[in-house]
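Asker: Below is the sequence, then the predicted model.
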Amino acid sequence: MDAYKLSDYELVEEFVKGRNSAIEVLIRRHQKRVCSYILLLVKKQDVAEDIFQETFIKVIKSLKEGKYVDANRFASWVMRIAHNLIIDHFRREKQSKMISKDAYEADILNHPQYSDKTIEQEVVFEQILTDIRNLIDQLPDDQKEVVLLRYYADLSFKEIAEQTNVSINTALGRMRYAIINMRKIKEANGMILTA
């Protein structure tokens, strides 16, 4: 079995069953994105590497303890763990010495993007996701396929072209028409897709 072809969900299942190599594939798959995110905020390579390692130690521990319930959001879950560890890092650093907010363009510890959402915000967000999925379902099959592969399966346009046996230009064209058609459907139905 080629572990690199398995989805995040399948790899998590394999890891929970005791196949440790599955977690290595997950780490490699998400390493660049998680590391870049951490480094963007902490701005120090050695600290970023420590937080990255700590992130996946928590991931492994949580998986082994059965604390993760897959909702096809493994990457988001990992990013949330990393973010919480970044906040912990800055809190510890602040306790040992005062951090000047002037060193950062924004107060990253209190940014609304990273705070817990209220129940109302969660409901609105879930409704927006449902509305978007309904828009996608109204597209012609070839356009729907490209949108799902790009945004739900996170494939590149090259991978989409290979999977659907078309050229990259055709895949890009289908995406362009899908976006145009989704806008038309949204406007025709008076939908609002913002919180």
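Answerer: Yes, it's here.

Asker: Please report the number of neighbouring residues for residue 141.
Answerer: Look at residue 141: counted by other Cβ atoms under 10 Å, it has 7 neighbours. No exception for glycine: its C-beta is placed from N, CA and C like everyone else's.

Asker: repeat for residue 142
Answerer: Residue 142: 15 neighbours (other Cβ under 10 Å).

Asker: Now it: closest residue in space, sequence neighbours ignored.
Answerer: In space, and not counting its chain neighbours, residue 142 is closest to residue 174: 5.5 Å by Cβ to Cβ, 6 or more residues apart in numbering.

Asker: Residue 191 now?
Answerer: With Cβ to Cβ, 6+ apart as the criterion, residue 191 has its nearest non-adjacent residue at 5.7 Å, and that residue is residue 131.

Asker: looking only at pLDDT, what's the mean for the helix or strand hosting that neighbour?
Answerer: Applying DSSP states H and E as the criterion places residue 131 in helix 119-137. Average pLDDT, helix 119-137: 80.

Asker: before we move on, back to that, from what I see, the residue nearest to residue 142 and residue 146 are in contact.
Answerer: Yes: Residue 174 is within contact range of residue 146, at 4.4 Å (criterion: Cβ atoms under 8 Å).

Asker: if you count what's nearby, which of those two comes out ahead?
Answerer: residue 146 (27 against 24).

Asker: Tell me which helix or strand residue 63 sits in.
Answerer: With DSSP H and E as criterion, residue 63 is part of helix 45-64.

Asker: next one: stretch 147-166 to chain centre, how far?
Answerer: For stretch 147-166, the separation from the chain centroid amounts to 17 Å (computed by Cα atoms, centre = their mean, to the nearest Å).

Asker: any idea how far residue 27 is from the spatially closest residue to residue 82 that is not a sequence neighbour?
Answerer: Counting by Cβ to Cβ, 6+ apart, residue 82 lies nearest to residue 55, which is 4.5 Å off, once chain neighbours are set aside. Computed as Cβ to Cβ, to the nearest Å, the residue 55 to residue 27 distance reads 10 Å.
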